[in-house]
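Enquirer: sequence? don't have it. structure:
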């Protein structure tokens, strides 16, 4: 498969009706590493809103069980992406996610902000570090995918376009980013987890943290009270990602999808997992069962 075959395919799809297929191709074949990194940073940004970061700290899940929380979020979103919002697996995953969120008092604006990070952050990441940028057709399709996911999550007043999502996100961050001790603890815990992911685990923890800080903008660093990295460190870190992108342009396109459940970062369910709604599966059991080669069993 030639390098731009997937782009040609997504640009032939209708973003108003084929947005699930477009999103699946982008996340699992065209940009699996980049979009995974972008969505990790998208979730990280949400901690800088005190009403979100403080709540996550108070649950204790993102400090005592950060690996499991990371895995659960990734696997639930992965099941929706892989199987589709209308599938049995997709509907079950959305209901499970809604049950989890429904246990807490979360405002619609905070939910909408989190959704906005998933719409906007991958596009901006690929603009800076991707081997190519997303096309206008792909951006529209991805936006429509998350708009529909937002409707399934009962989020009100979702923007209609990517530009409207971006404006909402930038305004919300400007108005709400602020330091909170609990949110900082959640951010530190998440960064510590990222240091254990391959190949980060082969480098000194302090270096990985500095590398991560170099990819953050000033308002985000300020919200957590992190020291700003030097210009030289920023240049080296961002330059390394841009160099990676230039090399990737010469690689052929992926011929098979790579989903989050296949990543080495996911480690909480070595025996497999399956998604089940709360109250329908014994507490403490894995959430979706897989066989050894990663395919879902009946």
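Expert: Here it is on my side, so go on. Source: prediction; values computed, not measured. Numbers count the residues shown, from 1 in each chain.
Enquirer: for this protein, what helix or strand is lowest in average pLDDT?
Expert: Every helix and strand in the chain was compared by mean pLDDT, DSSP states H and E; the lowest is helix 61-64, with a mean of 88.
Enquirer: Now do the following helix or strand past that one: which elements does it pack against?
Expert: Later in the chain than helix 61-64, the nearest helix or strand by DSSP states H and E is helix 66-83. Other helices and strands packing on helix 66-83, by 3 or more C-beta pairs under 8 Å, 6 or more residues apart in numbering; DSSP states H and E, are helix 19-25, helix 61-64, helix 88-102, helix 181-194. Any C-beta I mention is one placed from the backbone N, CA and C, and that applies to glycine too.
Enquirer: The second one packs against which elements?
Expert: If I follow you right, that is helix 61-64. Where contact means 3+ C-beta pairs under 8 Å, 6+ apart, helix 61-64 is packed against helix 66-83, helix 181-194.
Enquirer: Dump those helices to a markdown table, plus mean neighbour count, distance to residue 232 and mean pLDDT.
Expert: Putting those into a markdown table (neighbours: other C-beta atoms under 10 Å; distance: least, C-beta to C-beta, whole Å; pLDDT from 0 to 100) gives the following:
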| stretch | mean neighbour count | distance to residue 232 | mean pLDDT |
| --- | --- | --- | --- |
| helix 66-83 | 20 | 31 | 93 |
| helix 181-194 | 20 | 21 | 96 |
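Enquirer: Against residue 245, how distant is the closest residue in space to residue 135 that isn't next to it in sequence?
Expert: When the adjacent residues along the chain are set aside, residue 135 lies closest to residue 11, with 5.7 Å between them (C-beta to C-beta, 6 or more residues apart in numbering). Distance, residue 11 to residue 245, by C-beta to C-beta, to the nearest Å: 20 Å.
Enquirer: just residue 226 next, same as before
Expert: With the distance defined as C-beta to C-beta, residue 226 ends up 25 Å from residue 245.
Enquirer: what about the strands in the stretch 101-250 of the chain?
Expert: When secondary structure is read from DSSP state E, counting those that start in this stretch, the stretch 101-250 of the chain shows no strands.
Enquirer: Tell me how many other residues surround the closest residue to residue 69 other than its chain neighbours.
Expert: The shortest distance from residue 69 to any residue other than its chain neighbours is 4.8 Å, reached at residue 61 (C-beta to C-beta, 6+ apart). Applying the criterion other C-beta atoms under 10 Å, we find 16 residues in the vicinity of residue 61.
Enquirer: can you tell me the helix or strand for the one residue sitting closest to the centre of the chain?
Expert: In the chain, the residue lying closest to the centroid (C-alpha atoms, centre = their mean) is residue 39, at 2.2 Å. When elements are defined using DSSP H and E, residue 39 is found to belong to helix 32-46.
Enquirer: how much does that helix deviate in direction from helix 66-83?
Expert: Helix 32-46 and helix 66-83 are oriented at 130 degrees to each other (axes from the mean of the first three to the mean of the last three C-alpha atoms, to 10 degrees).
Enquirer: which of the residues in helix 32-46 are buried?
Expert: Of the residues in helix 32-46, those with enough neighbours to count as buried (16 or more other C-beta atoms under 10 Å) are 32, 34-46.
Enquirer: ok, the nearest residue to residue 71 once chain neighbours are set aside to residue 89 distance?
Expert: Take residue 71 and drop its neighbours on the chain: the residue closest to it by C-beta to C-beta, 6+ apart is residue 268, 4.2 Å away. Taking C-beta to C-beta as the measure, residue 268 falls 19 Å from residue 89.
Enquirer: Over to residue 210?
Expert: If you measure residue 210 against residue 89 using C-beta to C-beta, the figure is 40 Å.
Enquirer: ok, now residue 215?
Expert: In terms of C-beta to C-beta, residue 215 sits 33 Å off from residue 89.
Enquirer: Next: residue 160.
Expert: Applying C-beta to C-beta, the value for residue 160 to residue 89 is 28 Å.
Enquirer: Same question for residue 187.
Expert: Noted for residue 187: a distance of 32 Å to residue 89, by C-beta to C-beta.
Enquirer: again, but for residue 117
Expert: The gap separating residue 117 from residue 89 is 24 Å, by C-beta to C-beta.
Enquirer: That's all I had, so thanks and see you.
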